[in-house]
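[1] Have a look at this fold, sequence not included:
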């Protein structure tokens, strides 16, 4: 991927979350952008009703914010760092992970994360199962609040 000098110009306040995520991927222009684009596609395949959002827009992240995927609550976020793409599952500690995808933030009581480094492959079917389970957990928690 070629780095775009216009990515930050494209990410204006009125842009849709999907366009802001597109801009983030384009601005990265390296393996991190490719990885973020790949997991984004897998998330959408796993849950076609997922809602893309962008939260925490501030100067330290070039006003592009953090990609967030939700379905009746946050499923996961997609943060990018110099050496990794971090997918943090908001309720990851409550999810079964028989394939052992979670490899970060394992000590907490609520969140779990998957850190992907350059060259890492993700077990696609296990990842999609995790996305579906997170959405189902959000739906069940939402129903419990409405009783």
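    Received the coordinates, thanks. Please read all numbers here as calculations on a predicted model, not as lab measurements.
[2] what packs against the longest helix along the chain?
    Secondary structure of the chain per DSSP state H: the longest helix is helix 124-146. Here helix 124-146 touches helix 31-46, strand 74-80, going by 3 or more CB pairs under 8 Å, 6 or more residues apart in numbering; DSSP states H and E. C-beta here means a position set from N, CA and C on the backbone, and glycine is covered the same way.
[3] let's go with 10 Å and repeat that
    Helix 124-146 sits against helix 31-46, strand 66-70, strand 74-80, strand 85-89, strand 112-116, with contacts defined as 3 or more CB pairs under 10 Å, 6 or more residues apart in numbering; DSSP states H and E.
[4] which residues of this protein score low on pLDDT?
    Counting by pLDDT under 70, the ranges of the chain that qualify are 1-14, 60-64, 142-147.
[5] Residues contacting the longest helix of the chain, please?
    38-39, 41-47, 49-50, 69-76, 87, 89-92, 94-102, 112, 114, 122-123 (CB atoms under 10 Å, 6 or more residues apart in numbering).
[6] Filter these down to just the buried residues.
    38-39, 42-43, 46-47, 50, 69-72, 74-76, 87, 89-92, 95, 97, 101-102, 112, 114, 122 (16 or more other CB atoms under 10 Å).
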